[in-house]
Structures are given as structure tokens and as C-alpha cells.
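Asker: missing the sequence, but the structure's below:
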């Protein structure tokens, strides 16, 4: 199954598969951005029988986006610490970092994508 979502900047395509396991079934999703030929994220969700989702593969797709968001936040945290000469993020520095994150266009786009999936 292929699901496609468009944001203001890009088109994201998710190639999703389902396969049975000994104890239930798995959903697997690969995430592609625009016409880039390689997946930028992938995720697997294991389900025990009788599990139900409103829209098939939503949880797995959100997992792909969640991985990208956490990787981006980690990268930005290291950049923020290096730019300001910090070794540790204290409570006041965390609020400063959250403001720094709020200005990142990639995270805004990923959050927009998550809102389209809901």
C-alpha cells in the first residue's frame, strides 16, 4: 500500500507492507521525500491479533516521522551547545533551546505532516 501526503514544501510517500508473524502481524513503512530514490526513514510496528487502527499503517507512519524529528532535535541540540559553548543544558538553557527549536523549518514541516495524518 502506498500513502502520499503533501505539505507546503514537499511531497512525502510511504510504502507500507503488512506480514504475519508467529504471535500476530507486523506493519512496515518506508518514507520517501519528493522524488528522492532512497528511503529517509523506516519503521516497524508489531501487533498482536485483534488490534485495530482507524486508518491502516498510521502508527507505523507516525513512527517514521517521530524518528526524523528526534534525530533532527538531537542534531540541533549539538549545534546549539557548540554555538553557545555549553556542555550541559540546564533548565534556563533548555527553554532557550526550545525557542531555538521552534524556529527550525524542518521540524515545523514534520509536525505539519503528522497533523495531516491524524
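Answerer: Yep, it's here. Computed from a prediction, not measured in an experiment: that's the story for all the values here. Residues are numbered from 1 along each chain as shown.
Asker: from now on I want contacts and neighbour counts done on CA atoms only, so please keep to that.
Answerer: Will do.
Asker: list of residues touching stretch 89-97?
Answerer: 77, 80-81 (C-alpha atoms under 8 Å, 6 or more residues apart in numbering).
Asker: just the buried members of these?
Answerer: Taking 16 or more other C-alpha atoms under 10 Å as the criterion, what is buried in the contacts of stretch 89-97 is 77, 80.
Asker: export the contacts of stretch 89-97 to JSON lines and tack on pLDDT and distance to residue 49?
Answerer: Below are these laid out as JSON lines (pLDDT from 0 to 100; distance: C-alpha to C-alpha, whole Å):
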{"residue": "77", "pLDDT": "95", "distance to residue 49": "40"}
{"residue": "80", "pLDDT": "94", "distance to residue 49": "44"}
{"residue": "81", "pLDDT": "94", "distance to residue 49": "45"}
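Asker: mark which of the contacts of stretch 89-97 are part of helices, please.
Answerer: Residues of the contacts of stretch 89-97 located in helices (DSSP state H): 77, 80-81.
Asker: returning to that earlier point: quick check, nearest of the contacts of stretch 89-97 to residue 1?
Answerer: Checking those against residue 1 with C-alpha to C-alpha, the nearest one is residue 77 at 35.5 Å.
Asker: quick check: the closest one vs residue 37, distance?
Answerer: Look at residue 77 and residue 37: by C-alpha to C-alpha, to the nearest Å, they are 29 Å apart.
Asker: same deal with residue 79?
Answerer: Residue 79 is 28 Å from residue 37, where distance means C-alpha to C-alpha.
Asker: now do the helices in this protein.
Answerer: Assigned by DSSP H, the chain shows helices spanning 58-84, 91-102, 105-117.
Asker: let me have those helices in TSV, extended by distance to residue 18.
Answerer: Compiled in TSV, these are given as follows (distance: least, C-alpha to C-alpha, whole Å):
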stretch	distance to residue 18
helix 58-84	11
helix 91-102	35
helix 105-117	19
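Asker: can you check which of those helices gets nearest to residue 1?
Answerer: Smallest distance to residue 1 across the helices of the chain (C-alpha to C-alpha): 12.0 Å, for helix 58-84.
Asker: what about the protein, any weak spots by pLDDT?
Answerer: 50-54 (pLDDT under 70).
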